[in-house]
Structure formats: C-alpha cells, structure tokens
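**Q** let's see this in three dimensions:
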Amino acid sequence: MTELIDHRLRRSWTPEAGDAAHLPAKALRWLVQRIGPLGSAAPFAPDSALSVPDSALGEQPKRDLEELVGAGHVLVVPGERLARAGGLSYLDLMRRRGFGDFPVPDAVVLPENPAEVQSVLEICARHDVGVVPFGGGTSVVGGVSALRGDKSAVIALDLARLGELVSVDPVSRIAVLQAGVTGPEADRLLAAHGFTLGHVPQSYERATIGGFAATRSAGQASSGYGRFEDMVSGVRLATPRGEWKLGVAPASAAGPDLRHLAIGSEGALGVITEVALRVRPVPEVRRYEGYVLDGWENGAAAVRELAQRHVLADVTRLSDVDESEVSLALNDSLKTKALRRYLKARGVHAPCLLIVGWEGASKREVARRRQETTRVLAPFGAVRIGAALGESWRRGRFSGPRQRDALLDNGVCVETLETAAYWAELSDLRDAVRAALTATLGNAIIMCHVSHAYETGASLYFTVLTARDEADPIGQWQRAKAAASEAITGIGTISHHHAVGVDHAPYLAAEIGTLGVEVLRAAKKAIDPTGILNPGKLL
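**A** Got it, this is the predicted structure:
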C-alpha cells in the first residue's frame, strides 16, 4: 500500500497502463507562436536530489504510535515522507523539480480504522505533535503542506487504509464510506449495489471521500448531482477532544447545522473518518454534446437562462473565446479549418464552446431533458457541433494533470485558479482577474470557463499558460496569484471549490469578516485546544 502511495505522488497524476504525459510537436509550435520562447526543461527531480531533513519526531511519540498502528505503518524514511510533502499546485510541483525548499513531515502514520485515527490524535495531543490529514494529496492551495507551526514535529496522517464501504441503505439511498476511499473506488463499491455518487471532479482519479468533504468539493456534473456538501447527510470525525458524529435526519431545526462546520474544515477542526452520503442509481444512459455560441456575454446569458429556468444539463461547461481557441487548435479529432468556416457561415465570429451532458434512467428521460435544454439555447444562436465534441471532452476530462506535467517538463508556467460570483458581477469579475494576471505575467494565454452554474450565479475557472521565468519561477506565480486574489476580493469568493489552505487564508477575513474569523477561532479552540490539527491552514 505505502509503495503505491509513494509512487503515485511522484507526478501530478496517477500513471495508468503505461500512459505517459507528452506534448505533441504541433502543440509546442502553437504555444511558442502564442507566448514566445519557453523556459528550459525542468524534469522531475529524484528523491536523492531533494533535501530531506532528519525526522524530528521524538522517540516516545514514535514508540506510542508504533504500538498503536504497528511499526510498519509509522514511516520515517525520506522517500515516504517526501511522498506526502505537499499537494499538486504549480508551486508544489516546481519544488519537486528542485526549485525552492518545502516542508517535509517528520513521519507518515497510516491508521487502519476510525478508532485508530482517534487514538493517533490523542497521542499527538499528549506529545504536542502536529497532524496533517492526508488523502489523495490533490490540494492546489497548500492544504496538505507539512507546516508545523509552533510544534517540534509534524506527522502526515495518511488515511489510505480507511478504504471501506461501511454500509448501504437502499431504502433511504444513503451510503457510509470511509474517508480514504478514492472517487473511482467509491463508484466501484457502490455500483455493486446499483448506486453512484455522481461526484466527478478533475481530481476524481485519486482524491478521496474525506478530502471531498473537507474541502467542499464540486464535481463536473454538479448541475445535476449537486456539490459534494449537498450529498453529505452525516459525518464522523476524530478530534483531540474525542470523537464527534453529526447528522441524524434528512433535515433538522435543532440549532445551526454543525455538519457544515465539519464540511470545509480542511482538517483544522477534526479528521473526517466516515461520511454518510446520498447516492443515486447508476444512470443507464449518458449523452454528451458540443455546441458553439457567439461571444462570452451571449454564452453566459444562455447558461444563466438555463439555470434560472431549471433546465441545466448535468454537465454544463462554457469556455470563453481563449479557451475555445486552445481547444480547437489542439483537438486532433476535429476538422478545425472546416469547422471555423462553418461557424463563420453561421454568423459565429467569437466561438465559445459549450459542453452539455445528460445522464438518466432511460433514453426517453435523457431525450426529454435534452429537448428542454436545447429549446432554451436556440434563441441564443447555439450551433450544434454534435456528439463528437461532447464525447471528446468526456474522454479527456481527467487529462489536465497529465498535460500539465508535459507543459512543466517543457518550460511552461501553467496553473489554475477559480472563483464564483453572482450573475450581475460575473463578467466584471472575469475582466478583473484577466487584467490582474495580464499586468503581472505579460505575454500569457489566460483561459476561462464556467463549469458550475446556479440560479443566482456561476463559477469561473481560469487556466494560465506563460513562459516560465528562469530567474524566479516560484515568485513569478506567487505574484500573479496574489494579484488575481486581490482582484477577486470584494467581487466574488476567494474559492468556489479549491478551499482555503495556505494560499487563500490571507483573504478569508475580507470574505467572512473579522467576526467570522473569531467564530472559527473559537471553534478551533474548543475542538483543538493545543492547535495540533493541520497547522497554518484555514486560519
């Protein structure tokens, strides 16, 4: 088990069946034309090239932990510690390529069940050792960085062994899953009972149930299945003060809903060990299609109309002109030149791709929902491209991390950021973020899409490509992200689904107010009096 985990964190995706990240020559030529000469190659550094300090975990806490989980599940060798030393942000991956230092946990502890997780926290509280909960390691905001705060040592609490489907209630349609179950494994376990979660973020291949809950994750089909928090009916946590279970009914007026203090708490208010989730029958029919709309404002208005008339497809994803251009330029499955001529003939001069996907129990149900969606799209001049574009997106929707590895290897600074706003402010927010990134980075490709739409607003997801600054690659993105975060503040949320972590913590007070931060600090003090849980995150 630990060998697999160590391997899967070497790069920003999990290798499957010999698959390898690479960039076609056509893509490289196109990139150079758009952003100029790229930086030098930056291959992934071997462990031996990275600085790993000796473990600072004391002998007594180490012995106590070994007695609890077994010596084979308390790991202090450098390779195992490096494998849990951070997430998958651009800065994390560049540091793993030898650009800059990063904190490394003093040990990796792998408990087997919720009771052992509780005991680990009690041991660490007794010895004042910091604890960083670790699931799939997919955080892109510093959420699993091995910060120790004022602690002399910090462990990575790897929940990979908590991999069970605890129970399924087919009448209420509730399943209880342990926190270490990955997205694909959850669906495999549930499929045996005829159910699915329907939660498919880009991190799906390796992110875990506990991580989804701790970060308020949103999947690509959230318009149909809901955000992850919408699926949670109950949660079980381990805390330094004892175990905490929340959620006894589908709805309650018994004071504030404390489940939502646990969901999104990022390991700072407890370690999630089990989650009770609403599940749905596995869909019998799936249909994905591609459309093109003329211009961003027109496209956003179309998605708003879909949301406000309650006829969104399960997947509804609108790309702006820049992202659409990249998709068309690099999509080998489309006859791009012919498509451009066809769109121009249809009066489309600023193509914005729209991917829509419906899932249901029957062809009739999917056909009905599709008709409702397309009827709303028609007045906006939506041009149907067909199933080829939709299926191309569906097949490649987890390829982003693979492509990013190849871009990093070829000297490109590539990173993402996301936010959300009400419809009235959405385009202003997009313009503000684009202006901030352009002013900081200069010659860059800045792409944006809406992937989560609501009756009142939508998310914006930005992808940035620019030549890597050879002199200061870390500072290059830090300055750009800070400028974008400042632009977001006051217009939208600092995070729609990536969470707070370290990167967004400076902007939290502007969003929830000083009093809101004090409320969170009070909860932290009550649950975690000595501050061992995920030091430096959220607060």
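**Q** contacting residues for the residue lying farthest from the centre of the chain?
**A** Distance from the centre of the chain peaks at Ala345, with 38.9 Å (CA atoms, centre = their mean). Shown in contact with Ala345 (CB atoms under 8 Å, 6 or more residues apart in numbering): no residues. For glycine as for every other residue, the C-beta is placed from the backbone atoms N, C-alpha and C.
**Q** who touches Leu57 in this structure?
**A** 76, 106-107, 129, 153, 155.
**Q** and the two most separated of these?
**A** By the measure CB to CB, Val76 and Val129 form the most distant pair in the contacts of Leu57, at 13.1 Å.
**Q** quick one: low-confidence parts of the protein?
**A** Applying pLDDT under 70 to the chain flags the ranges 1-21, 331-335.
**Q** quick one on the thing from earlier: who has more neighbours, Val76 and Val129?
**A** Higher neighbour count among Val76 and Val129: Val129, with 28 against 15, using other CB atoms under 10 Å.
**Q** quick check: that one touching Ala153?
**A** Yes. Under the criterion of CB atoms under 8 Å, Val129 makes contact with Ala153 at 5.0 Å.
**Q** list residues touching both of the two?
**A** Contacts common to Val129 and Ala153, judged by CB under 8 Å, 6+ apart, are 57, 61.
**Q** circling back: tabulate the contacts of Leu57 (a markdown table), appending secondary structure.
**A** What follows is the contacts of Leu57, written out as a markdown table (DSSP: H, G, I helix; E, B strand; the rest coil):
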| residue | secondary structure |
| --- | --- |
| Val76 | coil |
| Asp106 | coil |
| Ala107 | strand |
| Val129 | coil |
| Ala153 | coil |
| Ile155 | strand |
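**Q** for those, give me a markdown table that also has distance to Ala213.
**A** Listed next are the contacts of Leu57 as a markdown table, based on distance: CB to CB, whole Å:
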| residue | distance to Ala213 |
| --- | --- |
| Val76 | 29 |
| Asp106 | 26 |
| Ala107 | 25 |
| Val129 | 24 |
| Ala153 | 27 |
| Ile155 | 21 |
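**Q** same question for stretch 122-136: list its buried residues.
**A** Neighbour-count burial for stretch 122-136 flags 122-125, 127, 129-136 (criterion: 16 or more other CB atoms under 10 Å).
**Q** what's the farthest-apart pair in those residues?
**A** Largest pairwise distance in the buried residues of stretch 122-136, by CB to CB, is 27.4 Å, between His127 and Gly136.
**Q** near Ser48, how many other residues are there?
**A** Neighbour count of Ser48, defined by other CB under 10 Å: 8.
**Q** for it, which three-state class applies?
**A** Three-state call for Ser48 (three-state DSSP): helix.
**Q** for Ser327, which non-adjacent residue is spatially closest?
**A** Leu353 (5.9 Å; CB to CB, 6 or more residues apart in numbering).
**Q** give me the neighbour count for that neighbour.
**A** So Leu353, with other CB under 10 Å, has 24 neighbours.
**Q** my guess is it meets Trp296, correct?
**A** No. If you go by CB under 8 Å, Leu353 and Trp296 don't touch, sitting 11.3 Å apart.
**Q** surely Asp150 meets Gly531?
**A** Yes. Counting by CB under 8 Å, Asp150 touches Gly531, with 7.4 Å between them.
**Q** who's more crowded, those two?
**A** More crowded of Asp150 and Gly531, by other CB under 10 Å: Gly531, with 19 against 9.
**Q** how about the strands in the stretch 151-300 of the chain?
**A** Ranges of strands in the stretch 151-300 of the chain, per DSSP state E, counting those that start in this stretch, are 154-158, 165-169, 174-178, 195-196, 232-239, 242-246, 271-278, 280-281, 285-294.
**Q** please enumerate residues in contact with the helix or strand hosting Thr514?
**A** Element membership of Thr514 [criterion: DSSP states H and E] is helix 508-527. Counting contacts by CB under 8 Å, 6+ apart, the residues outside helix 508-527 that touch it are 239-241, 244, 261, 268-270, 489-490, 493-494, 500, 531, 533, 538-539.
**Q** against Ala505, how distant is Val517?
**A** Applying CB to CB, to the nearest Å, the value for Val517 to Ala505 is 10 Å.
**Q** counting by contacts, list what the one helix or strand Ala367 maps to packs against.
**A** Using DSSP H and E, Ala367 sits within helix 363-377. With contacts defined as 3 or more CB pairs under 8 Å, 6 or more residues apart in numbering; DSSP states H and E, the packing partners of helix 363-377 are strand 285-294, helix 296-308, strand 351-360.
**Q** and those, which is most packed in?
**A** strand 351-360 (a mean of 25; mean count of other CB atoms under 10 Å).
**Q** what about the closest residue to Phe99 other than its chain neighbours, neighbour count?
**A** Excluding its sequence neighbours, the residue lying closest to Phe99 (CB to CB, 6+ apart) is Pro473, at 5.3 Å. Residues within reach of Pro473, counting by other CB under 10 Å, total 22.
**Q** what's near enough to touch Pro473?
**A** Here Pro473 is in contact with 39, 94, 99, 413 (CB under 8 Å, 6+ apart).
**Q** distance to Val141, neighbour count and secondary structure added to the residues you listed, as TSV?
**A** Below are those laid out as TSV (distance: CB to CB, whole Å; neighbours: other CB atoms under 10 Å; DSSP: H, G, I helix; E, B strand; the rest coil):
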residue	distance to Val141	neighbour count	secondary structure
Gly39	24	17	coil
Met94	15	21	helix
Phe99	19	16	coil
Cys413	17	23	strand
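**Q** out of those residues, which is nearest to Ala382?
**A** Cys413 (34.2 Å).
**Q** quick check, the closest one in contact with Gly475.
**A** No. If you go by CB under 8 Å, Cys413 and Gly475 don't touch, sitting 11.1 Å apart.
**Q** what's the overlap in contacts for these two?
**A** Between them, Cys413 and Gly475 share the contacting residues Asp469, judged by CB under 8 Å, 6+ apart.
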